[in-house]
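Engineer: This is the structure alone, sequence omitted:
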């Protein structure tokens, strides 16, 4: 009867340990920015309907990782939301 090793796992290496943080990502999928595509509405502080889509129920600006908005459009969006707040449109 062969001996069983108990509690000794130094010889075996898990798959997780073999992965490197420098390996390229196999799953490369990016969603395009909804405000940069052709026919997209212009970001403006007067466009309340658009601005409400990018704010939470509490009135906070949603991050771009959730809304998939590009960095440039996110800055424009944030500025427009802040202007609309100061004018009491939102």
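Structural biologist: Ah, there it is. Keep in mind that this is a model prediction, so the values were computed, not measured.

Engineer: Going toward the C-terminus from the lowest-mean-pLDDT helix or strand in the chain, what's the next helix or strand?
Structural biologist: One helix or strand of the chain scores below all others by mean pLDDT, DSSP states H and E: helix 15-18, with a mean of 59. The C-terminal neighbour of helix 15-18 among helices and strands, as given by DSSP states H and E, is helix 48-53.

Engineer: Just the mean pLDDT for that following helix, thanks.
Structural biologist: Throughout helix 48-53, pLDDT has a mean value of 94.

Engineer: which helices and strands does that helix pack with?
Structural biologist: helix 71-86 (3 or more CB pairs under 8 Å, 6 or more residues apart in numbering; DSSP states H and E). For the C-beta atoms, the positions are set from N, CA and C on the backbone; glycine is no exception.

Engineer: which helices and strands sit right next to the helix it packs on?
Structural biologist: Applying 3+ CB pairs under 8 Å, 6+ apart, one finds that helix 71-86 makes contact with helix 48-53, helix 64-67.

Engineer: I'd say residue 89 and residue 48 touch.
Structural biologist: Yes - counting by CB atoms under 8 Å, residue 89 touches residue 48, with 5.6 Å between them.

Engineer: how many neighbours does the closest residue to residue 35 other than its chain neighbours have?
Structural biologist: Spatial nearest neighbour of residue 35, chain neighbours left out: residue 73 (4.3 Å); criterion: CB to CB, 6 or more residues apart in numbering. Neighbourhood size, residue 73 [other CB atoms under 10 Å]: 18.

Engineer: Can you tell me how far residue 40 is from residue 47?
Structural biologist: 11 Å (CB to CB, to the nearest Å).

Engineer: Same drill for the two, tell me which one is more crowded.
Structural biologist: residue 47 (15 against 12).

Engineer: Check the gap between that one and residue 30 for me.
Structural biologist: In terms of CB to CB, residue 47 sits 26 Å off from residue 30.

Engineer: Could you do residue 73 as well?
Structural biologist: Noted for residue 73: a distance of 15 Å to residue 30, by CB to CB.
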